[in-house]
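# Let me see the structure of the following:
(2 chains)
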2 protein chains.
Amino acid sequence: MEMLRVLEENWVETLGPVGVVDWTNEEGARFAMSMMGSAVWSGEVEEERARRLREVGRAAGGRVARTVGEELERIGVGRAGEAGVVEASWETGVKMAAHFELHIEQGPHLVGAGEKIGVVEGAQAYRWYEVEFHGRDCHTGTTSFPHRADALLAAAKAIVDVRALAEELGNGALASVGIIEAKPGSVNTVPGFVSMSLDLRCPDEKILDELEKRVMESLRSAAGYSGAGGRSVQTNIKETFRSTAVRFQREAVDCVEAAARHVLESAGASQGGKTLMRRMSSGAGHDSVFASKRCPTAMIFVPCKDGVSHHPEEWCEKDDCAMGASVLIQALLRYDRTRG
Amino acid sequence: MEMLRVLEENWVETLGPVGVVDWTNEEGARFAMSMMGSAVWSGEVEEERARRLREVGRAAGGRVARTVGEELERIGVGRAGEAGVVEASWETGVKMAAHFELHIEQGPHLVGAGEKIGVVEGAQAYRWYEVEFHGRDCHTGTTSFPHRADALLAAAKAIVDVRALAEELGNGALASVGIIEAKPGSVNTVPGFVSMSLDLRCPDEKILDELEKRVMESLRSAAGYSGAGGRSVQTNIKETFRSTAVRFQREAVDCVEAAARHVLESAGASQGGKTLMRRMSSGAGHDSVFASKRCPTAMIFVPCKDGVSHHPEEWCEKDDCAMGASVLIQALLRYDRTRG
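Next comes the predicted model:
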């Protein structure tokens, strides 16, 4: 909003109108569908499906879990057709000629290299899985190794192997396990069941395909692994989410790059003749992923402290915020001029 | 009790009196001190310490957690000195000349070999630890491997390595991880913290010392491991429980062996000239461990289905129960005769 005020105060006249979008539920924390608002706007997710989604983790608190639709009604957000309400649709509601988004990197690369701006060319592909290992509970003291079917040992082997596979493949391939649960969960019982999440990513969809293939083979063989002569463990793998790689439109990315170069050079942000910026891919999902399906889109990254995000220590320096905002406003003005 | 009736009905006269002990809280499930009754009787744990112990896992149910002492009072079990109450002490209360215990093996060895009786010579040593891995939470999509300090990867490496070390050492050495918890626990966050249990066992205390030494070294190096160039993870290891190896008294073990041989041979339980029994060590803890500190003690194991225990599928065949009971009664009669 501050930026719109700057445009007005400086009598800047644009060909098209400039607006600010506050997309609903980008995070997907309470209602577990990230980028919900942009997903519905772009038509990739049906509005009714989003409205029916129920919040997570409320059952324990004793209150009945509410849906997105119920909460929108409760806070007085109307439906399309009611007075003053425009449909959340790129086709029949709010239209956009282009979409620019400013964000912290949420990673360590800019801050590590002392760079000030990331010109984001797209977002990497990622796939999520739930992997289960089925062995058999047994007593840790009375069961020698050859008689065990240790689900946790198989899972541990899988975690080590999957990481090594991604490293071997290179090209930005990533593999990560964030959630693990072992049952029954007692010091003197070898776990007969383990469930874990698996997150595979790569900017290049083809390399991700290859990573997935190798990882699936490895998971099945890790399941067989249970040390010297142990009984085997069975695996069960389910894909739970898939987001394809996105390349932002060149005309929008070029505007960001030109704007970044101009802003940084004016500020003297260069080292050894190199302007402190880079083209890069976004590791995380953002609303621009869905926006780019319907209009030219690009993103601007600014550095954040230690690359930390989603944490009380998340931090972006004031000067870096300002630099990012300048690039954002200049990128959209440059794009506006191309429409003349 | 049935066995005492058999002795009476057959007019068997013994030199010493024969009794049945129902030790309190052998399992340590609700009150987390296993073998509590025999520990107090043997003087290895003070009665007041046991009485003060509070039940686990009640806070969530909304009721205030109760102590052993409160529950004993509630069900009307008096204290030593009150009418009819004898002190729970080998020294000043109930004395025993010998202690024999019959138990299912809780392991797969007898049933796997088709053997009917295990003559238990002692119980293996075991040590429990809580191992923590401290790394740093980060986003799975935006943090390349060299910037990670992945606590779960370090823990997984440790699980695989520790198992391999125990296998390498042989001699009945066992290493097991039963509990694992990774935080913060979300699909797209590399865990910055993992806590896991570790259970090391061996019938030979010296080999267990060696296993412990190698495992501790390995845990520290697994912590350093975080793949190609990753930041390092810190470990924190705490011993939470230690039970030394126990050898039962030869005079008691010999009685069990002679009784087993007699019972099995009378029943024709032999194969290829070999009686279907073996001398073995107990993998789990039992009240006999504490009883043996104060009087000659031995145990008899009978096979159980698939070696499964602490599980709804735990099962011992009726004939095997009967065989075990016969060995128990004959062992104690043999022991009684040696006192003449």
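
# isn't there a strand covering A:Glu91?
No. Counting by DSSP: H, G, I helix; E, B strand; the rest coil, A:Glu91 falls outside a strand, being coil.

# what's the nearest residue to it if we skip its chain neighbours?
Excluding the flanking residues, the one nearest A:Glu91 by CB to CB, 6 or more residues apart in numbering or on different chains is A:Gly43, at 6.7 Å. Bear in mind the C-beta positions are built from the backbone N, C-alpha and C, glycine included.

# cool, and A:Arg247?
Using CB to CB, 6+ apart and skipping the chain neighbours, the partner closest in space to A:Arg247 is A:Gly122 (4.1 Å).

# so what's the one you found bridging to?
On the basis of DSSP bridges, A:Gly122 is bridged to A:Arg247, A:Ser281.

# quick one: it and A:Val246 touch, right?
Yes. With contact defined as CB atoms under 8 Å, A:Gly122 reaches A:Val246; the gap is 4.9 Å.

# Between these two, which contacts overlap?
Taking CB atoms under 8 Å, 6 or more residues apart in numbering or on different chains as the contact rule, A:Gly122 and A:Val246 both touch A:Ser292.

# dump the residue contacts of the residue of the stretch 201-340 of chain A found nearest chain B.
Nearest residue of the stretch 201-340 of chain A to chain B (CB to the nearest CB) works out as A:Gly283 at 3.4 Å. Shown in contact with A:Gly283 (CB under 8 Å, 6+ apart): A:Gln106, A:Gly107, A:Ala123, A:Gln124, A:Leu174, A:Arg201, B:His139, B:Thr140, B:Gly141, B:Thr142, B:Thr143.

# can you map out the strands along the stretch 201-340 of chain A?
Applying DSSP state E, counting those that start in this stretch to the stretch 201-340 of chain A gives strands spanning A:234-243, A:246-247, A:270-271, A:274-275, A:277-282, A:297-302.

# Turn those into CSV, columns for distance to A:Ser38.
CSV is the format used below for these (distance: least, CB to CB, whole Å):
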stretch, distance to A:Ser38
strand A:234-243, 13
strand A:246-247, 12
strand A:270-271, 35
strand A:274-275, 31
strand A:277-282, 14
strand A:297-302, 10
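
# can you tell me which of the contacts of A:Gly283 are in helices?
Of the contacts of A:Gly283, none are assigned to helices by DSSP state H.

# Out of these, list just those in strands.
Among the contacts of A:Gly283, the ones falling in strands (DSSP state E) are A:Ala123, A:Leu174, A:Arg201, B:His139.

# Can you tell me, leaving aside adjacent residues, what's nearest to the first one?
Okay, so that is A:Ala123. A:Ala123's closest residue in space is A:Ser282 (CB to CB, 6+ apart), at 4.2 Å.

# pretty sure the one you found is touching A:Ala125, no?
No. Between A:Ser282 and A:Ala125 there is no contact under CB under 8 Å: 11.2 Å.

# So which bits of the stretch 201-340 of chain A are right by chain B?
A:Arg201, A:Gly227, A:Ala228, A:Ser282, A:Gly283, A:Ala284, A:Gly285, A:Gly307, A:Val308, A:Ser309, A:His310, A:His311 (CB under 8 Å from any CB of the partner chain).

# farthest pair in these?
Spanning the widest gap among those are A:Ala228 and A:Ser282, at 45.0 Å by CB to CB.

# Per-residue confidence at A:Ala6, what does it come out as?
That one is not Ala; residue A:6 is Val. If you check A:Val6, the pLDDT there is 84.

# repeat for A:Gly62
67.

# Now do the SS call for A:Glu13.
Here A:Glu13 is recorded as coil under three-state DSSP.

# okay, now the domains of chain A?
A:1-16+A:97-124+A:246-340, A:22-94, A:125-243 (automatic domain parsing).
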